[in-house]
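*Asks:* Starting from these lines, generate the structure:
(2 chains)
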Protein chains: 2
Amino acid sequence: MNAHTWTQNLRVGPGFRLADVDPDATPGYDHGKSRGREDLAAGLERLNDLQERLFAQSRVGTAQDAVLLVLQAMDSAGKGGIVRHVVGGVDPQGVALAAFKAPTEEERRHDFLWRVEKRLPEPGFIGVFDRSHYEDVLIGRVRQLADAAEIERRYDAITAFEERVAASGVRIVKVMLHISPEEQKARLMERLERPDKHWKYNPGDVDERMLWPQYMQAYQTVFDRTSTDAAPWYVVPANAKWYARLAVQELLLAALQDIDPQWPVADFDVEAEKRRLAAS
Amino acid sequence: MNAHTWTQNLRVGPGFRLADVDPDATPGYDHGKSRGREDLAAGLERLNDLQERLFAQSRVGTAQDAVLLVLQAMDSAGKGGIVRHVVGGVDPQGVALAAFKAPTEEERRHDFLWRVEKRLPEPGFIGVFDRSHYEDVLIGRVRQLADAAEIERRYDAITAFEERVAASGVRIVKVMLHISPEEQKARLMERLERPDKHWKYNPGDVDERMLWPQYMQAYQTVFDRTSTDAAPWYVVPANAKWYARLAVQELLLAALQDIDPQWPVADFDVEAEKRRLAAS
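*Replies:* Residues are numbered from 1 along each chain as shown, chains lettered A, B, ... in the order given. Alright, predicted model coming up:
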């Protein structure tokens, strides 16, 4: 992965402490909101070019690589905005979006990674997980949906799983959008104040909010145990939506640049086809 | 469906003859390309508003309706552009895109509608079929991939299937993008002339092109047999890409206006939640 991108500042490495991250900050980016929006628009063009090259390879059957963006966050942190304004800018034909809700009865009868495996992006695609297997060690842990030994087992299961997926050619980019509890309160209050936003509000959101410190602890453990070279975590300060979008776009760009997809070379005789087409 | 939309000119009714449609025309729309692009941008905002309302209902579990856009066309007619520039403008979270390729071995062991049923949009979603079960009576007929009695059986199977799907709340909008063979030749030639477009070209495209009259005949039979009130066909002249995109957007808008999705009403006590949130 290109070490020169400014998003390297966001990467979770040894000694990382979530409590030290300021959700208001815009680390690595020296400009403000209006320049940030310009850069987002400019980045979209580069993203589209790279995505189309990757997708082209899938169409001719030579694609070996894929990108998987894993999005995790507390409620209202902006996952939906990332999907809409960053991922939504690229050709939907090349995007595979999976939103993981509470597992169904069938899913609960399987190992927690069973449903995740089925939604991995095929070569040539950008996959996006809106929530993921990490819920099984976040809400799973905070709400004690599984016993401690099972939660413990899952961290190693996840790193083994992700290592295998990465080895198959998937660039895994794991993002936690990090907002402050004050920012969340303001965003949830706005949802309550606007009837056209009521559908985005769930009374359970406040129940989870009251467990904020426990969730932050669960995230810290996730970072300690599962940020690997094969599948690193990035913690993106997200009180400023424009910054979070720009940062995630940059992370996708870095993953695609690492793949460096080239236009497929024709496996047919171009000149002969021109003659055949002209005569048709 | 709103009878006042200008796209009613494109609807396949009794006595419709594909041969009478001019692929260069822009029926029902009195303005040119630059105004068309403005109207496309303006329509996107309305589309987004309606789509978000529809999607909101799915999130709170009250959605009963969905939209299904079926796209059929000869190669290079612009299906990809519709997906990218019309469908691509709405929130990807509410879109379910299915591209139907040649059936797999497993799919061939089932009835031709088996794989289609699995990809129907859930309530609250806009589904898009890039090709569809109509391939089974188009290439299926032209290339004699099934015997005549089986092809014959399929028309009635399709209308019965679509009637059931429509009755379940899915607004089915079937679109054939109609280009001229001359326009196709120009578009395929451009693909051959640009190395970054070679991946979009397949020598088989010219083989199919040589069967143009047979395909038009197969489409005519499709229109005669399967354009129903429950699932009407629209033939969209597509030599002018801007017009085709505008027309398909208008068809989606009409389908959504017919659903007339309203913002869900909160099923919780809004004022009590405000107090609970404020205290948290």
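
*Asks:* Next one: the residue in the stretch 1-150 of chain A that chain B sits nearest to from A:G127, what distance?
*Replies:* Here the stretch 1-150 of chain A gets closest to chain B at one residue, A:A56, 4.0 Å apart by CB to the nearest CB. Yep, even glycine has a C-beta here, placed from its N, CA and C like the rest. Using CB to CB, to the nearest Å, A:A56 is found at 17 Å from A:G127.

*Asks:* Over to A:E250?
*Replies:* A:E250 sits 18 Å away from A:G127 when distances are taken as CB to CB.

*Asks:* of those two, who's got more company?
*Replies:* Comparing A:E250 with A:G127 by neighbour count (other CB atoms under 10 Å in any protein chain shown), the higher total belongs to A:E250, at 24 against 20.

*Asks:* The nearest residue to that one once chain neighbours are set aside: what secondary structure?
*Replies:* Nearest in space to A:E250, with sequence neighbours left out and distances taken as CB to CB, 6 or more residues apart in numbering or on different chains, is A:T7 at 4.8 Å. Under the three-state scheme (DSSP: H, G, I helix; E, B strand; the rest coil), A:T7 adopts helix.

*Asks:* how long is stretch A:72-83 end to end?
*Replies:* End-to-end distance of stretch A:72-83 (CA to CA, to the nearest Å): 12 Å.

*Asks:* tell me the mean pLDDT over that stretch?
*Replies:* Computed over stretch A:72-83, the mean pLDDT rounds to 97.

*Asks:* So it, near chain B or not?
*Replies:* Yes. Stretch A:72-83 comes into contact with chain B (CB under 8 Å from any CB of the partner chain), by way of A:G80, A:V83.

*Asks:* Can you check the pLDDT for A:G61?
*Replies:* Each residue has a pLDDT score; the one for A:G61 is 89.

*Asks:* residues near it, how many?
*Replies:* Counted with other CB under 10 Å, residues neighbouring A:G61 total 10.

*Asks:* C-alpha coordinates for the helix or strand containing A:L253, PDB please?
*Replies:* With secondary structure defined by DSSP states H and E, A:L253 is part of helix A:241-259. Output of helix A:241-259 as PDB, limited to C-alpha atoms (Å, rounded to 0.1, in the frame of the first residue of the first chain):
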ATOM      1  CA  LYS A 241     -18.400  14.800   7.600                       C
ATOM      2  CA  TRP A 242     -16.500  16.300   4.700                       C
ATOM      3  CA  TYR A 243     -13.200  15.100   6.200                       C
ATOM      4  CA  ALA A 244     -14.500  11.600   6.900                       C
ATOM      5  CA  ARG A 245     -15.700  11.300   3.300                       C
ATOM      6  CA  LEU A 246     -12.400  12.600   1.900                       C
ATOM      7  CA  ALA A 247     -10.400  10.200   4.100                       C
ATOM      8  CA  VAL A 248     -12.400   7.200   3.100                       C
ATOM      9  CA  GLN A 249     -12.100   8.100  -0.600                       C
ATOM     10  CA  GLU A 250      -8.400   8.500  -0.200                       C
ATOM     11  CA  LEU A 251      -8.200   5.000   1.400                       C
ATOM     12  CA  LEU A 252     -10.100   3.500  -1.500                       C
ATOM     13  CA  LEU A 253      -7.800   5.300  -3.900                       C
ATOM     14  CA  ALA A 254      -4.800   3.900  -2.200                       C
ATOM     15  CA  ALA A 255      -6.200   0.400  -2.300                       C
ATOM     16  CA  LEU A 256      -6.900   0.700  -6.000                       C
ATOM     17  CA  GLN A 257      -3.500   2.300  -6.700                       C
ATOM     18  CA  ASP A 258      -1.900  -0.700  -4.900                       C
ATOM     19  CA  ILE A 259      -3.800  -3.000  -7.300                       C
END
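
*Asks:* tell me which residues in that helix are buried?
*Replies:* When burial is assessed from 16 or more other CB atoms under 10 Å in any protein chain shown, helix A:241-259 yields the following buried residues: A:241-256, A:259.

*Asks:* quick one on the thing from earlier: from what I can see the residue of the stretch 1-150 of chain A closest to chain B touches A:W263, true?
*Replies:* Yes. The pair A:A56 and A:W263 qualifies as a contact (CB atoms under 8 Å) at a distance of 6.2 Å.

*Asks:* Mind listing the shared neighbours of the two?
*Replies:* Residues within reach of A:A56 and of A:W263 at once, by CB atoms under 8 Å, 6 or more residues apart in numbering or on different chains, are B:W199.

*Asks:* got a list of what the residue of the stretch 1-150 of chain A closest to chain B touches?
*Replies:* Applying CB under 8 Å, 6+ apart to A:A56 gives the contacts A:G124, A:P261, A:W263, A:P264, B:W199, B:K200.

*Asks:* can you pick the most crowded of these?
*Replies:* Neighbour counts for the contacts of A:A56 (other CB under 10 Å) peak at A:G124, which has 24 neighbours.

*Asks:* quick one: the helices in chain A?
*Replies:* When secondary structure is read from DSSP state H, chain A shows helices at A:33-60, A:79-85, A:105-108, A:114-117, A:139-142, A:148-167, A:181-193, A:203-209, A:212-226, A:241-259, A:270-278.

*Asks:* For burial, what's the neighbour tally of A:I172?
*Replies:* Neighbour count for A:I172, taken as other CB under 10 Å: 22.

*Asks:* Run through the bridge partners of it.
*Replies:* Here A:I172 sits in beta bridges with A:L68, going by DSSP bridges.

*Asks:* which ones are touching it?
*Replies:* Residues touching A:I172, when contacts are defined by CB under 8 Å, 6+ apart, comprise A:L68, A:V70, A:E162, A:V165, A:A166, A:A230, A:A231, A:P232.

*Asks:* So for it, what's the pLDDT?
*Replies:* On the pLDDT scale, A:I172 is placed at 98.

*Asks:* how near is it to A:A77?
*Replies:* A:I172 sits 20 Å away from A:A77, taking CB to CB as the criterion.

*Asks:* rewinding a little: neighbour-wise, which one of the contacts of A:I172 leads?
*Replies:* Neighbour counts for these peak at A:L68, which has 25 neighbours (criterion: other CB under 10 Å).

*Asks:* Which pLDDT does the model give that one?
*Replies:* Per-residue confidence for A:L68 comes out at a pLDDT of 98.
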